[in-house]
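With the input below, show me the fold.
(4 chains)
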There are 2 protein chains.
Amino acid sequence: MHEDAAKPEMAAVAGPCANIPADHMAFIRQVLDRVGDKWSTLVVTVLKDGPLRYTDLQRQIPGISQRMLTRTLHQLQEDGLITRTAYAEVPPRVEYALAPLGRGLHEIVRQLIDWAADHHDEIRAHRAANAATTSRRS
Amino acid sequence: MHEDAAKPEMAAVAGPCANIPADHMAFIRQVLDRVGDKWSTLVVTVLKDGPLRYTDLQRQIPGISQRMLTRTLHQLQEDGLITRTAYAEVPPRVEYALAPLGRGLHEIVRQLIDWAADHHDEIRAHRAANAATTSRRS
DNA sequence: CCGAATCCATAAGGATACTG
DNA sequence: CAGTATCCTTATGGATTCGG
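Sure thing, here's the model as predicted:
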């Protein structure tokens, strides 16, 4: 048993959040936002097979709007996760490819997807159980 | 070489999104949303050291509102990622702890944070380079 | 073909006040 | 202490239009 009086302020792990210095927190959040971004993960996942052009990406990612595609590509490019190559041809051609840095991120995303696929039925079971027993706990 | 009427290699990837069946896509997105959620990741990270009560979580995660804390806890609990234990005492005491499932998710989050911390200067360099070379975006 | 720019609907998220 | 409920501001994102 534990007394709340025993560790009133000591409960704080000597920091704002876990063992992560507040200095890095802001940046970590930015990376997390990129990963959590629906479109960013899709773009990175689609690009893993090789470079694609703008319209190809639009077709490969159903439901994405030009606005979001352009935005996502800009962000990913600005972070050095993907590269943009524009060929000055009469019909403009632009190819986007996964940069080494982006390939590293894709590894993380892949692991996350693997984990999700591996435990999705488990999570679903918990959801169903909680939904069935509204006020009752398992 | 680039007739709009002819599209040589377009359906090469063959599928809506990489090799992930559309059936799982919806669920994957949900998991990604959880991971990408700023507060969910923070809660999971903070809980990794052991169970905490409501007010402890509030203090450990600066800037979170009751609304978001409650919401996040409900979602995580509904997915079976954390457990909620309420003690029927005169001063109410509720403890939240990481469930085995949530511990698995924390592993992913930890890897992501490690990766971010490992490459954050690299990404920052790209950002600075892009901000300098090209004119300002938006 | 590759975007940029604008408009607009919806949702996320914070602040506050109140309850059991 | 541990939430709930309400209001309200802001951010997100789709649809559309225009430009290079």
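
From now on I want contacts and neighbour counts done on CA atoms only, so please keep to that.
Noted.

do you know how far the residue of chain A found nearest chain B is from B:Pro92?
The nearest approach of chain A to chain B comes at A:Gly36, 3.3 Å away (C-alpha to the nearest C-alpha). Remark: distance between A:Gly36 and B:Pro92 (C-alpha to C-alpha, to the nearest Å) = 35 Å.

Please identify which of those two sits among more neighbours.
A:Gly36 (21 against 8; other C-alpha atoms under 10 Å in any protein chain shown).

which ones are touching the residue nearest to the more buried one when sequence neighbours are not counted?
Nearest in space to A:Gly36, with sequence neighbours left out and distances taken as C-alpha to C-alpha, 6 or more residues apart in numbering or on different chains, is B:Gly36 at 3.3 Å. By C-alpha atoms under 8 Å, 6 or more residues apart in numbering or on different chains, the residues touching B:Gly36 are A:Leu32, A:Asp33, A:Arg34, A:Val35, A:Gly36, A:Asp37.

Could you report the neighbour count for the closest residue to A:Gly80 other than its chain neighbours?
Distance criterion C-alpha to C-alpha, 6+ apart; nearest residue to A:Gly80, sequence neighbours excluded, is B:His126 at 5.3 Å. Other residues lying near B:His126 total 17 when counted by other C-alpha under 10 Å.

thought B:His126 was touching A:Glu78?
Yes - counting by C-alpha atoms under 8 Å, B:His126 touches A:Glu78, with 6.4 Å between them.

contacting residues around the residue nearest to A:Gly80?
Neighbours of B:His126 in contact, by C-alpha under 8 Å, 6+ apart: A:Glu78, A:Asp79, A:Gly80.

Kindly report the same for A:Met68.
When the contact criterion is C-alpha under 8 Å, 6+ apart, the partners of A:Met68 are A:Trp39.

remind me, longest helix of chain A?
Of all the segments assigned as helix in chain A under DSSP state H, the longest by residue count is helix A:100-132.

what comes up buried for that helix?
Under the neighbour-count criterion of 16 or more other C-alpha atoms under 10 Å in any protein chain shown, helix A:100-132 has A:102-103, A:105-106, A:108-109, A:112-113, A:115-117, A:120, A:123, A:126-127, A:129-130 buried.

Good, wrapping up.
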